[in-house]
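# just need the structure, nothing else, for what follows:
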Amino acid sequence: MVEAVYRILVGALSAALLLAFFRSLITMTLAARHRSDPIRDATARLAWALFRLSLPARSDRDRLDDRLAWFWPITVFAIMGVWYTIVIVAFAGFYVASGAVEGWVNALVASGSAVGTLGFDTPAYVHGRFIAIVEGGMGLFVMVYVLTFLPRYRRDSEERSAHVAWLYARTGSPPSAAALLEGFSREERPEALTSLWTAWEGWFRDLDLTHSSNPSLITTRSFHAGEYSVGASAAVLHAAALARTAIEASSTGAARVCWQAGVSALADISSSLGLESATPGPGEPSVELAAFEAGLDRLAAAGMPIRAEREAAWRGFVALRAEYEHLLRGLARESLVELGPWPPPGAPARRAVRSPTREAPCPPT
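I've put the predicted structure just below:
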C-alpha cells in the first residue's frame with residue numbers, strides 16, 4: 001500500500017515537472033504577451049547575479065559592454081540546461097513510478113540516455129522502453145525547436161540593432177531629440193516625419209514583444225559598441241513629445257501613436273523586470289524652460305517650424321516626459337546605461353545624413 005502511494009506521488013510530481021517545462025518553453029518562445037515564468041525568471045536572475053560579480057567598473061564602458069554581450073547567450077544556454085535537467089528528472093520519476101527501473105540513480109542514468117537519444121541504458125521492461133521512446137522523441141524535438149528559434153530571434157535582434165545604429169549615426173552619442181529632428185527642415189517632403197514615426201512605432205512594438213516576454217534582454221548590447229536601445233528609446237520619445245507640443249507639422253497624429261507605443265513598451269518591460277513605477281512628483285520639471293528653448297532654437301535654425309507659444313509647449317513637453325522618464329531611468333539603471341542630458345551640452349550634434357536623391361531620412365525597414 002505504501003509503495004503504491006509512493007509511486008502515485010512520484011508520478012504526479014513528475015507530470016507536474018513536465019507541465020512546468022512545457023509552460024516555460026511555450027512562454028519563452030511562443031507567448032504573444034508577457035507571462036511570468038518561474039523557471040526562466042529564476043534562471044535569468046541567478047545568471048545575472050553571478051554575471052555581475054565579473055563585471056568591470058562602470059567607468060570602463062568598453063570592457064563593460066564587451067562583457068555584457070555574453071550575458072544573453074549564456075542565459076539562453078543556462079535555461080536550456082535547466083529544461084533538460086527538468087525533463088531528465090521528470091522521466092526518471094516516470095521510470096520509478098512505473099517500476100521500469102529500480103532506484104533513482106539507475107532511473108536518472110536511463111533518463112539521460114533516452115533524452116540524449118544515446119540509448120546506452122535502455123530499460124528492460126516493455127513499458128519502460130515505451131517511456132524511453134517518448135522521452136527520446138521529446139529530447140530531439142526540444143533540440144530542433146530551440147535551434148530553429150534562435151536564428152529567427154537573432155535576425156529580429158539584428159533588425160532592431162539596425163534601427164539603433166541608424167539613429168546613432170545621425171545624432172551622435174548620446175543621441176538626442178534635437179539632433180534627430182534637425183535633419184527634418186522645411187525642404188523635406190511632408191511625409192518625412194510621418195515615415196520616421198511609423199518606423200519607430202514598429203520598432204517599439206517589436207521591442208515590447210521580445211523584451212517583455214524575455215526581460216533579461218534589456219541588458220544585452222547592440223552589435224555596434226556604444227549603442228543602446230534604451231538611449232535610442234529616450235531620443236525618439238523626446239522627439240515625439242517635441243513634435244506633439246512644439247513643432248508645426250502635419251505628422252502630429254503619427255508622433256502621438258509612436259509615443260504611445262514607446263511608453264507602453266517601456267511600461268511592459270519595466271513591469272516584467274519588477275521595477276518600481278513611482279512617477280516624478282508635481283512641480284519637478286525634468287527640463288528647465290531655458291534648456292527647452294535652447295533646443296527649440298537649434299531646431300528653428302535648422303528650418304523646423306516652431307510654435308510661437310513656447311512656454312505652453314514647454315509645459316506640454318514636461319507633462320508628456322513625466323509619463324515615461326521614470327521608466328527610462330529605471331531601465332537605464334537595470335541595463336547599466338547612462339542617459340545623456342536633454343538638450344546635450346556643447347556644440348550641436350551632426351545633422352542627419354541625406355542621400356543625393358533627398359530621400360526622407362528614416363530607419364531601415
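# tell me the contacts of the spatially most central residue of the chain?
The residue lying closest to the centre of the chain (C-alpha atoms, centre = their mean) is residue 211, at 2.7 Å. Neighbour list for residue 211: 217, 218, 265, 269, 272 [criterion: C-beta atoms under 8 Å, 6 or more residues apart in numbering]. Placement of C-beta: from N, CA and C, glycine included.
# how does it look with 7 Å?
Contacts for residue 211 (C-beta atoms under 7 Å, 6 or more residues apart in numbering) come out as 217, 218, 269.
# top of those by neighbour count?
Counting neighbours by other C-beta atoms under 10 Å, residue 269 leads the contacts of residue 211 with 27 neighbours.
# list the contacts of it.
Residues counted as contacts of residue 269 (C-beta under 7 Å, 6+ apart) are 208, 211, 212, 215, 218, 331.
# list the contacts for the first one?
Yep, that's residue 208 we're talking about. Contacts for residue 208 (C-beta under 7 Å, 6+ apart) come out as 264, 265, 268, 269.
# try it again at 6 Å.
Taking C-beta atoms under 6 Å, 6 or more residues apart in numbering, we find residue 208 in contact with 265, 268.
# average model confidence for the host helix or strand of it?
Using DSSP states H and E, residue 208 sits in helix 192-213. Here helix 192-213 scores 86 as its mean pLDDT.
# how about stretch 126-146?
Per-residue scores along stretch 126-146 average to 81.
# list the buried ones in it?
For stretch 126-146, a neighbour-count test (16 or more other C-beta atoms under 10 Å) marks 128, 131, 132, 135, 136, 138, 139, 142, 146 as buried.
# just the ones of those in helices?
Judged by DSSP state H, the subset of the buried residues of stretch 126-146 located in helices is 128, 131, 132, 135, 136, 138, 139, 142, 146.
# verify the stated contact: the first one with residue 97.
No. With contact defined as C-beta atoms under 6 Å, residue 128 does not count as touching residue 97 (11.1 Å).
# got the buried residues for stretch 76-93?
By 16+ other C-beta under 10 Å, the buried positions in stretch 76-93 come out as 76, 78-80, 82-84, 86-93.
# which among those residues gets closest to residue 61?
For these, the residue nearest residue 61 by C-beta to C-beta is residue 76; the value is 24.6 Å.
# need the next SSE after the helix or strand hosting that closest one, C-terminal direction.
Using DSSP H and E, residue 76 maps to helix 71-98. Downstream of helix 71-98, the next assigned helix or strand under DSSP H and E is helix 104-115.
# what's the average pLDDT for that next one?
For helix 104-115, the mean pLDDT works out to 88.
# what inclination does that helix have with respect to helix 71-98?
120 degrees (axes from the mean of the first three to the mean of the last three C-alpha atoms, to 10 degrees).
# list the contacts of helix 104-115.
With C-beta under 6 Å, 6+ apart, helix 104-115 has contacts from 87-88, 91-92, 95-96, 101, 120-121, 123, 132, 135-136, 139.
# show me what counts as buried in it.
Neighbour count says helix 104-115 has 106, 107, 108, 109, 110, 111, 112, 113, 114, 115 buried, by 16+ other C-beta under 10 Å.
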